[in-house]
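Novice: Pasted the sequence and its predicted model underneath.
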Amino acid sequence: MDTAYRRVQNRCRTVLQHAKHGDKGSRYVDYFLATLVIINIVAIALESVASIYERFGVYFDAIEAVSISIFTVEYVLRIWSAPLPISSAPNFAVRLKQRWAYITSFNGLIDLVSILPFYIQAIFPYVDLRILRAFRLLRILKLSNYNSALEDLFEAIMEERRSFYAALYLFIIVFIVSSSLMYFAEHRVHPDGFKSIPGSMYWSLITLTTVGYGDITPVTVAGKIIASTAAVFGVIVVALITGIVVSSFNSQMERRRLIFEDQVRSFLLDGILDNNEERALEALRKEFGMSKRRADELVEQVRATKAHGT
């Protein structure tokens, strides 16, 4: 009985995690939940249009009710299946710790926030919770359960965190200095736009990020020089940060290529790829997000290298 219970629990966790190659059940669940998230985002955006909500409000409410039911069941199942399988049966304290680790994780908090506004509004129906309802848009982050894009981004930033922190530190310095200089240069002649140094930080932020709304512009010669200099530094710093992230992504792709190539070399020691080896390479290719053409090129490249070496 205990073995059957753990088998169901482990299967539930596998299904709810990002699908692995060959697991059709988990893949279908991923597609279903990802589609439901997208439908929710579209519905939340459309219901903010008064004319559309007046006409289709019943359907929007139905989508919300069905989605909350499914997301709640998903959240409960993720908590229940959080304990990892180990050889010996874990005690209650270990299981509780593993479940708490999921609840306080990034994905766990997103799963909670995606359903929390509905229940708070159900408990306090007479309280104006429009801002809290807007948090439903955070459901889009649930897509990270079924796609590794955010995970890859965070991994890229963490691997290059020293360079990233250095670029961010430079950005903060330019941000504060340009805000302060612009305040002293423009405050007397432009008091509405540059009331204080914190108020000038709005101008500095949109200038350094190259957005430049144009709603606050300097009028003095000194202010224009400061603005021009800040804009140039903004382009440099933004390009630097972008380059760091792109370089880290490229390093990740290169590591994955080398891992895939090493796996191909190990499989080709006997000169052929059997069906099991081809399936293993296909699973690795999909896990790494590598195109079929690129994978085939690497296989042929390894074969050619091996043939030339022999």
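Specialist: Thanks, I have the structure now.
Novice: ok, and what's touching stretch 151-163?
Specialist: Outside of stretch 151-163, the residues within contact range by C-beta atoms under 8 Å, 6 or more residues apart in numbering are Ser144, Phe164, Ile244, Val245, Ser247, Ser248, Phe249, Ser251, Gln252. Where C-beta positions appear, they are placed from N, C-alpha and C, glycine not excepted.
Novice: Going by neighbour count, which residues of it are buried?
Specialist: Ala156, Ile157, Glu159, Glu160, Ser163 (16 or more other C-beta atoms under 10 Å).
Novice: With stretch 16-33 instead?
Specialist: By neighbour count on 16+ other C-beta under 10 Å, the buried set for stretch 16-33 is Leu16, Gln17, His18, Ala19, Asp23, Ser26, Arg27, Val29, Asp30, Leu33.
Novice: Let's test this: mean pLDDT of that stretch, rounded?
Specialist: For stretch 16-33, mean pLDDT rounds to 80.
Novice: what does stretch 199-213 give?
Specialist: 83.
Novice: likewise stretch 48-66?
Specialist: 89.
Novice: Then stretch 240-259?
Specialist: Averaged across stretch 240-259, the pLDDT comes to 82.
Novice: what does stretch 104-119 give?
Specialist: For stretch 104-119, the mean confidence score works out to 86.
Novice: For that stretch, list the C-alpha coordinates in CSV.
Specialist: Provided in CSV are the C-alpha atoms of stretch 104-119 (Å, rounded to 0.1, in the frame of the first residue of the first chain):
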residue,chain,number,x,y,z
THR,A,104,8.7,29.2,-0.4
SER,A,105,10.4,28.7,-3.8
PHE,A,106,9.9,31.1,-6.7
ASN,A,107,7.5,28.8,-8.5
GLY,A,108,5.6,28.0,-5.3
LEU,A,109,5.1,31.7,-4.5
ILE,A,110,3.9,32.3,-8.1
ASP,A,111,1.5,29.4,-7.9
LEU,A,112,0.1,30.8,-4.6
VAL,A,113,-0.1,34.4,-5.8
SER,A,114,-2.0,33.3,-8.9
ILE,A,115,-4.9,31.9,-6.8
LEU,A,116,-4.7,34.1,-3.7
PRO,A,117,-6.6,37.2,-5.0
PHE,A,118,-9.7,35.1,-5.8
TYR,A,119,-9.9,33.6,-2.3
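Novice: Give me the phi and psi for Arg188.
Specialist: Arg188 has phi and psi values of phi -70, psi -40 when expressed as degrees, to the nearest 10.
Novice: for Leu273, same thing?
Specialist: Dihedral angles (degrees, to the nearest 10) for Leu273: phi -110, psi 110.
Novice: what sits against it?
Specialist: Contacts of Leu273 (C-beta under 8 Å, 6+ apart): Phe267, Leu281, Val299.
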